[in-house]
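A.B. asks: Requesting a structural model of the entry that follows:
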Amino acid sequence: MTSTARKRRPNRSIKTRRKSARKEPQKSLLQRLSSIEITSKKIKRAELIAFSRELSTLIDAGIGIESALNLLMEQRVGSAFEPVINQLRDDLNAGRTIAESMGAQPDVFPRVYIRTVSSADRGAPLSRTLSQAADFLDSAQSAMAQAKRAMIYPMMVVLVGIGVVTMLLTVSLPQMIGLFETMGASLPMPTKVLIALSGFLTSYPLHILGGLVGTVFGVLKLSKTKRGTRFIHTMMLKMPMLGQIVIGGDVARSMGALASLSEVGLPLPEAMEVAQETASNMIVREALSEAREGLVAGNGLSRPLARSGMFPTTLIQSIRVAEDTGTLEENLRRMSDFYQQDSSERVKGMVGMIEPLATITVALAVGFVAMAVIMPMYSILGSIDQ
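C.D. replies: Numbers count the residues shown, from 1 in each chain. Purely as a prediction, here's the structure:
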């Protein structure tokens, strides 16, 4: 019986391992499917802001977090946010905190958002932290949306101009060339230039298209490398008007994030670590990282920022005064609002210069093509009159 028992025990363990082996792949498959379901539809930043404000309002009204999530999920049935809320609710029921639950979905919740909400784990009101996180996302999104809207008109003008000139060179001008050759008209230099350009476009369309696609692909691939990104970001900072806009926008976002994180009780060095990631430009981000190292070393915040030589004097002086008077959080918020408004005004000014320049450039290009086509007609009419 002893030998039989010894033989049966291994068999039971083998069966147990086989059963567990069968269960584990099914569990991991379900996890993969649930993660695909969450990330298959891209969550828009506006949806996250609306969700945060609604959740903050419900919690502030005295509704529990689970009940509030259930209400919000009922309002978003069939939307991309429904599985996100469902996952949050399941993680909370499993014993995770709200920040840990959001941290499990980094594609939906940015790091600065999660760190702001994490202050609720240390006693800060959850409704307040959600509202502050939404305010920060809203301010950052409105600045970028304004810049995109401002560039729509100049881009449309340029694209329409390129399309008109291309159509004239590839469709209208080749038909006119035959007429000029038949009538034996003397061609002026602008017409000869256009004929050469038209012949090049019609003779090598695939080569030109391939070159353009290859150039775009090469630039995109270069921008994904660290060296290429550094080069592009450095060139952006050196451009006359664009450099100030980039620095102002990054300062507004980083100082706004630093103020939000400090207001909810996060230590300044830890808040600086998160705030520096909100800068879109790599060079600015590295300068903020060096400033954080100086902050950790006990040099304050204003001196490391001044040492980089990149940030505006107004910002440095304001932070220096705030450090002396103990009003750093208030001044950071004020500086964030100031530079966001300043960056917005600079964008308007740049677009105000680009719009007439684009219009004039397109008008000159179309006028040059029209003149080059019309000028030979005079010589043709003159030969007919004779």
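A.B. asks: What's the first helix or strand after the lowest-mean-pLDDT helix or strand in the chain?
C.D. replies: The least trusted helix or strand in the chain, going by mean pLDDT, DSSP states H and E, turns out to be helix 2-39, with a mean of 38. Downstream of helix 2-39, the first helix or strand assigned by DSSP states H and E is helix 45-60.
A.B. asks: so how far is that next one from its chain's centroid?
C.D. replies: Mean-position distance between helix 45-60 and its chain equals 21 Å (CA atoms, centre = their mean, to the nearest Å).
A.B. asks: can you check stretch 340-347 too?
C.D. replies: Put simply, stretch 340-347 sits 17 Å off its chain's centre (CA atoms, centre = their mean).
A.B. asks: Stretch 46-64 too?
C.D. replies: Computed by CA atoms, centre = their mean, the separation of stretch 46-64 from the middle of its chain amounts to 25 Å.
A.B. asks: need the contact list for the nearest residue to residue 257 once chain neighbours are set aside.
C.D. replies: Leaving aside its sequence neighbours, residue 257 sits nearest to residue 275 (CB to CB, 6 or more residues apart in numbering; 4.0 Å). From N, CA and C alone the C-beta is placed, and that goes for glycine too. Residue 275 makes contacts with 112, 254-255, 257-258, 261, 288, as judged by CB atoms under 8 Å, 6 or more residues apart in numbering.
A.B. asks: If we use 6 Å, what do you get?
C.D. replies: 254, 257-258 (CB atoms under 6 Å, 6 or more residues apart in numbering).
A.B. asks: where exactly do the helices run in the stretch 251-386 of the chain?
C.D. replies: Secondary structure of the stretch 251-386 of the chain (DSSP state H, counting those that start in this stretch): helices at 268-275, 282-296, 302-308, 313-325, 328-385.
A.B. asks: Select, out of those helices, the one closest to residue 129.
C.D. replies: Minimum separation from residue 129 across the helices of the stretch 251-386 of the chain (CB to CB) falls at helix 268-275, 13.2 Å.
A.B. asks: Which parts of the closest one count as buried, going by neighbours?
C.D. replies: 268, 271-275 (16 or more other CB atoms under 10 Å).
A.B. asks: Then stretch 351-360?
C.D. replies: Applying 16+ other CB under 10 Å to stretch 351-360 flags 351, 354, 358 as buried.
A.B. asks: Distance-wise, check the second one relative to residue 48.
C.D. replies: Computed with CB to CB, to the nearest Å, the distance linking residue 354 and residue 48 is 32 Å.
A.B. asks: The first one too?
C.D. replies: Separation of residue 351 from residue 48 (CB to CB) stands at 28 Å.
A.B. asks: Also residue 151?
C.D. replies: For residue 151 relative to residue 48 (CB to CB), the value is 24 Å.
A.B. asks: So which of those two has more stuff around it?
C.D. replies: residue 48 (21 against 15; other CB atoms under 10 Å).
A.B. asks: show me the contacts for residue 201.
C.D. replies: So residue 201 contacts 169-170 (CB under 6 Å, 6+ apart).
A.B. asks: 7 Å - rerun?
C.D. replies: Taking CB atoms under 7 Å, 6 or more residues apart in numbering, we find residue 201 in contact with 169-170, 208.
A.B. asks: Out of those residues, which comes closest to residue 370?
C.D. replies: Within the contacts of residue 201, distances to residue 370 taken as CB to CB reach their minimum at residue 169, with 11.9 Å.
A.B. asks: My guess is the closest one contacts residue 196. True?
C.D. replies: No: contact between residue 169 and residue 196 fails when scored by CB atoms under 7 Å: they sit 10.4 Å apart.
A.B. asks: Please identify which of the two sits among more neighbours.
C.D. replies: More neighbours surround residue 169 than the other of residue 169 and residue 196, with 19 against 10 (other CB under 10 Å).
A.B. asks: so where's the stretch 251-386 of the chain uncertain?
C.D. replies: The stretch 251-386 of the chain contains residues with pLDDT under 70 at 379-386.
A.B. asks: Looking at the helices of the stretch 251-386 of the chain, which one is packed in the most?
C.D. replies: The highest average neighbour count among the helices of the stretch 251-386 of the chain, using mean count of other CB atoms under 10 Å, belongs to helix 268-275 at a mean of 20.
A.B. asks: Measure how that helix sits relative to helix 328-385, angle-wise.
C.D. replies: Calculated by axes from the mean of the first three to the mean of the last three CA atoms, to 10 degrees, helix 268-275 forms an angle of 20 degrees with helix 328-385.
A.B. asks: contacting residues around the nearest residue to residue 103 once chain neighbours are set aside?
C.D. replies: Among residues not flanking residue 103 along the chain, residue 114 sits closest, at 5.1 Å (CB to CB, 6+ apart). Residue 114 makes contacts with 99, 102-103, as judged by CB under 7 Å, 6+ apart.
A.B. asks: Would you check how far apart residue 114 and residue 74 are?
C.D. replies: From residue 114 to residue 74 the distance is 25 Å (CB to CB).
A.B. asks: thinking again about what came up before, between the contacts of residue 201, which sits nearest residue 125?
C.D. replies: Among the contacts of residue 201, and counting by CB to CB, the member closest to residue 125 is residue 208, at 60.9 Å.
A.B. asks: Please identify which helix or strand holds that closest one.
C.D. replies: Under the assignment here (DSSP H and E), residue 208 is part of helix 205-223.
A.B. asks: so what does that helix touch, helix or strand wise?
C.D. replies: Applying 3 or more CB pairs under 7 Å, 6 or more residues apart in numbering; DSSP states H and E, one finds that helix 205-223 contacts helix 226-238.
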